[in-house]
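Trainee: Starting from these lines, generate the structure:
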Amino acid sequence: MNKSIVFRMKPKKVFLLVIGFCLASGMVKVFGQETMSLKQVLIEQLKTTHGDKDWFVPANLAVAGLTAEQANWDDGQGNHSIGQLATHLIFWNERMLQQFQGKKLPAFEGDNQETFTRFNQAEWEATIQKLDEVLTAWEKAVQNADDSQVNQWASTIAHIGTHNAYHVGQIIYIRKDRGWWDAENGVK
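Mentor: Prediction:
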């Protein structure tokens, strides 16, 4: 690459160019750690938004120990409950996983409201289990995928991890606000 082009680029574009090159080469160096493949980075992202506590609280820990009554609580201002957020995560993770696996997707009219529901205690416990199962299935699917499929889906998989982290953050926020969060689990 012509050095004069790089020096005329804004720092953000240079950074993105370097990251793009690293991703295209199939290897990424993360904060001086071991070199990782794109697949390894995506699996790590899926795991840390699922069950491996790292920089932030994962989904499994975010929903652990909640009752159905707590999962159903909402602020009465149209914001979603913890249970609704968990169901939303299940719905979209399952749907995208089916697409990743080449399965025919069930009909969906695009009304996001049908991803939200209320629970009794047994249903809530089944929801927690289902959330764990679908997130585990994503990790296994990416692990078992060939590099071509991982490369084709990399952006979508990264967005899935980001989407999951966003809603887990909402769950933690509600728990903290209601006094249902133990700071020893993370997020003081």
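
Trainee: what's the closest non-adjacent residue to residue 121?
Mentor: With sequence-adjacent residues excluded and distances taken as C-beta to C-beta, 6 or more residues apart in numbering, residue 121 is closest to residue 68, at 4.3 Å. In short, each C-beta sits where N, CA and C put it, glycine included.

Trainee: now swap in residue 149 and tell me
Mentor: In space, residue 149 is closest to residue 100, 7.7 Å off (C-beta to C-beta, 6+ apart).

Trainee: Any buried residues in the helix or strand hosting residue 83, and which?
Mentor: Per DSSP states H and E, residue 83 falls inside helix 82-100. Neighbour counts over helix 82-100 (16 or more other C-beta atoms under 10 Å) mark 82-97, 100 as buried.

Trainee: same thing with stretch 165-181?
Mentor: Applying 16+ other C-beta under 10 Å to stretch 165-181 flags 165, 167, 168, 170, 171, 172, 174, 175, 181 as buried.

Trainee: Tabulate these in TSV, adding columns for pLDDT.
Mentor: Output for the buried residues of stretch 165-181, formatted as TSV (pLDDT from 0 to 100):
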residue	pLDDT
165	96
167	97
168	97
170	97
171	97
172	96
174	97
175	97
181	95
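
Trainee: Show only the entries of those found in helices.
Mentor: Members of the buried residues of stretch 165-181 lying in helices (criterion: DSSP state H): 165, 167, 168, 170, 171, 172, 174, 175.
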